[in-house]
Each structure stands twice: as C-alpha cells, then as structure tokens.
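Enquirer: Next input, structure requested:
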Amino acid sequence: MRQLFTQLSTDSNIRSIVLSGSGDRAFTTGLDVQAASNGILAESDETTDPARKAAQLRRHISEFQDCITSVERCEKPVIVAMHGFCLGLAVDLSTAADVRVCSADARFSVKEVDIGLAADIGTLSRLPKVVGSFGWVKEVCFSARTWGAEEAKSVGFVNAVLPSKGDAVNAALQLAGLIARKSPVAVQGTKELLNYSRDRGVLDGLRYTSIWNSAALQTTDLASALLSGLQKRTPTFEKL
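Expert: Next comes the predicted model:
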C-alpha cells in the first residue's frame, strides 16, 4: 500500500483518489487474531532479551505506521468510501485520508482494547484531530463499542451518509471528479497547508503558507482560473 500511494502521489495523471472496499459485507473486518498470535505478537521464550524484543516490535510498529501515513503523505486528495463492517484498520486508514463518506449500513469500532492492545498505527493520534469531541473519542477507544453511520456523521467522523455502498462510492467518485477539475497546484498546495497547520500553531501555519504561496502564486493556473470566471467558461489545467 505504501508503494502504491507513493506512486500515486507523484503520478501527474492522477489528481484525486478514491479508496473503497471490495465485497458487500465489509470495508475491513479487523485483525486476523489467529495469524497475529502466531506472528509478531507471539510470546517470546524466556531467553529472549526484553530490550531486543522491544526493538524488534518498535521497528515493526513504525513500519506499519508509515504504511498508513503514506495515505496522509500522498500529495493528492484521498477520499474513503466505507460500508458494512469497518473495524480496526478502517479507522486508521480513513483518518489518514482527507474526506470520509459511508453507506447507511456502516458499523465502526476501534477494537484494539478487546484484544489487549492500545491502537498503535494511527487512530489514537488522528481520530481526535478529525472528530470535534475528545470525550467521544476516549469513550469509543476505551470501550471498543460499535457506532453506526448516523453517529459517525453527527460527531463529524464522516462527511456524508449514503443509502448503499454503491451510492457511497458514486458520491466519492463525483467529489473526486470535481476536485480533479481544479488546479492541481491549488489543490495539492491546499492539502499540504491544511495538514501542516493542523499540527502547529496559527503563526507557524501562516508563515509556512506565505513561503509556500510565494512560489505557488506564480503559477499560470491563477490567471487561467480568474479569466475563466470572467469569461464564464470552464478552465482546464496542465498536469503537475
């Protein structure tokens, strides 16, 4: 996935991305507990040095985190269309994306505490920045309870709830198409500046914006967009 999003990030033919799940029942079904119990999470024998085991686990977690971060790091806007069961990884992935929509049958949960873990590949860092209520975030992460599409919409986790999976995917594709018709210089710059400012103070965000736009304002896209408005025509923009 990291390789894919790294490629999409720099592919000038791509201007926006929609991420959806195959099948009708689930976007993600959560951790394969059996596989995990026999893999990296398996208990070490008594001769394994705890510090060395911790180093191995830290590298594994960091690698996994970076795979999820590749979605956020991608220069192009990423829209997620979720449906059915959306357990575990769905929340990690979707909070790394830019826009979230879902079908009415979507059911979400941060399940890690039910298997004895704290979520560690993105949810605990990103979900509080997506949702307006920190208390709600703590509640669902402490309890591992399931929440539905309407609750997800009410707390701001998703932008829209659509009747079915097909409707959700179509809505995501329509939004992606709308974004793709905009100046890629403007859209990709907007994503960069929003993500940078989210994690920093206002003055830092303003300073970075001034530096970024000192270059970006020199684009020919600006004149094209302004003139098209005056001339009442739809502008087209070169690849970036």
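
Enquirer: could you show me where the helices are in this structure, in order?
Expert: For the chain, helices defined by DSSP state H occupy the ranges 2-10, 33-37, 50-73, 89-96, 123-130, 134-143, 149-154, 165-180, 184-198, 202-216, 220-231.

Enquirer: and the fourth one, what other elements does it pack with?
Expert: Identification of packing neighbours for helix 89-96 by 3 or more Cβ pairs under 8 Å, 6 or more residues apart in numbering; DSSP states H and E yields strand 26-29, helix 50-73, strand 78-82, strand 107-109, helix 123-130. (C-beta placed from N, C-alpha, C; glycine too.)

Enquirer: How far off centre is the first one?
Expert: Relative to its chain's centre, strand 26-29 lies at 16 Å (Cα atoms, centre = their mean, to the nearest Å).

Enquirer: switch to numbering from 49
Expert: Renumbered: residue one is now 49, and that last one reads strand 74-77.

Enquirer: Show me what it is packed up against.
Expert: Using 3+ Cβ pairs under 8 Å, 6+ apart: strand 74-77 touches strand 133-135, helix 137-144.

Enquirer: Figure out which of the ones you listed is closest to residue 242.
Expert: For these, proximity to residue 242 was assessed by Cβ to Cβ; helix 137-144 is nearest, at 13.6 Å.

Enquirer: Quick one: mean pLDDT over that closest one.
Expert: Confidence over helix 137-144 (mean pLDDT, whole number) is 96.

Enquirer: before we move on, what about stretch 178-192?
Expert: pLDDT averaged over stretch 178-192 gives 96.

Enquirer: Please apply the same query to stretch 247-260.
Expert: 96.

Enquirer: Mean neighbour count, the helices of the chain: which tops it?
Expert: When you average the neighbours per residue for each of the helices of the chain (mean count of other Cβ atoms under 10 Å), helix 137-144 leads with a mean of 26.

Enquirer: Would you check how far apart the residue in the chain sticking out farthest from the centre and residue 103 are?
Expert: Distance from the C-alpha centroid of the chain, by Cα atoms, centre = their mean, peaks at residue 95 (40.1 Å). The spacing between residue 95 and residue 103, counted by Cβ to Cβ, to the nearest Å, is 16 Å.

Enquirer: Quick check, central residue of this structure?
Expert: By Cα atoms, centre = their mean, the most central residue of the chain is residue 145, 1.8 Å off.

Enquirer: show me the contacts for that one.
Expert: Shown in contact with residue 145 (Cβ atoms under 8 Å, 6 or more residues apart in numbering): 67, 119, 120, 126, 127, 128.

Enquirer: Farthest-apart pair in these, please.
Expert: 120 and 127 (13.2 Å).

Enquirer: Around the closest residue to residue 213 other than its chain neighbours, count how many other residues there are.
Expert: Distance criterion Cβ to Cβ, 6 or more residues apart in numbering; nearest residue to residue 213, sequence neighbours excluded, is residue 131 at 3.8 Å. Neighbours of residue 131 under the rule other Cβ atoms under 10 Å: 28.
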